[in-house]
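J.: sequence and predicted structure, then a few things I'm wondering about:
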Amino acid sequence: MPVDFVGKWNMTESEAKQLVYRTVAKFNHPTNLVHFEVTPQVSKPALPSIPRYMFYWHYSREGEDIVRSAISAEVDADKGELKSLYYGDIAFGNNGPKIDIPILLPLPPDTNATSTKASTQTKVFPKPPSRPLTPYGLPAQK
């Protein structure tokens, strides 16, 4: 068994939850998105020599089957450290990030153009081959 996991139980379940609460509070998320009001599921390893807590907070609105907010955290009760933290909320998918650049950039002016009218015209692609194409898009060999 790896030595990183073996230790003594130096934290109670309540102290471990408080560690998770304090850590999530540092993120300064809007309080309406963080749902600690539900009772978490708590898991501990089957071996008493592994002092770890796994907490799962799954928030759903009353009458809904969809999980709207989820927090899971692993706490090392020997060292008093948060080892992993996952936080997700359905509201994160509603709005994309605000990007302060245009979606489409204008094409650079054509350096070979002799007039402004020529530079605003659409780009002309090379003439397609005169031989018929094969199923793979290459000209057929004669």
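T.: Happy to help now that I have it.
J.: tally of neighbours for W57?
T.: When neighbours are counted by other CB atoms under 10 Å, W57 registers 22. C-beta here means a position set from N, CA and C on the backbone, and glycine is covered the same way.
J.: specify the local secondary structure of it.
T.: Reduced to three states with DSSP: H, G, I helix; E, B strand; the rest coil, the structure at W57 is strand.
J.: please list all residues in contact with it.
T.: H35, F36, V38, P40, S69, A70, I71, S72 (CB atoms under 8 Å, 6 or more residues apart in numbering).
J.: from the residues you listed, which is closest to E62?
T.: For the contacts of W57, the closest approach to E62 (CB to CB) belongs to V38, at 11.3 Å.
J.: let me see the contact set for that closest one.
T.: By CB under 8 Å, 6+ apart, the neighbours of V38 are W57, H58, Y59.
J.: one step back: with distance to G93 added, can I get the contacts of W57 in JSON lines?
T.: What follows is the contacts of W57, written out as JSON lines (distance: CB to CB, whole Å):
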{"residue": "H35", "distance to G93": "16"}
{"residue": "F36", "distance to G93": "21"}
{"residue": "V38", "distance to G93": "20"}
{"residue": "P40", "distance to G93": "23"}
{"residue": "S69", "distance to G93": "12"}
{"residue": "A70", "distance to G93": "13"}
{"residue": "I71", "distance to G93": "17"}
{"residue": "S72", "distance to G93": "18"}
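J.: in strands, which of these fall?
T.: Secondary structure from DSSP state E places S69, A70, I71, S72 of those in strands.
J.: what's the closest of the contacts of V38 to Y87?
T.: W57 (9.2 Å).
J.: how many other residues sit next to the closest residue in space to that closest one that isn't next to it in sequence?
T.: Nearest residue to W57, sequence neighbours excluded (CB to CB, 6 or more residues apart in numbering): I71, at 4.2 Å. Using other CB under 10 Å, I71 has 21 other residues around it.
J.: nice, that's everything, thank you.
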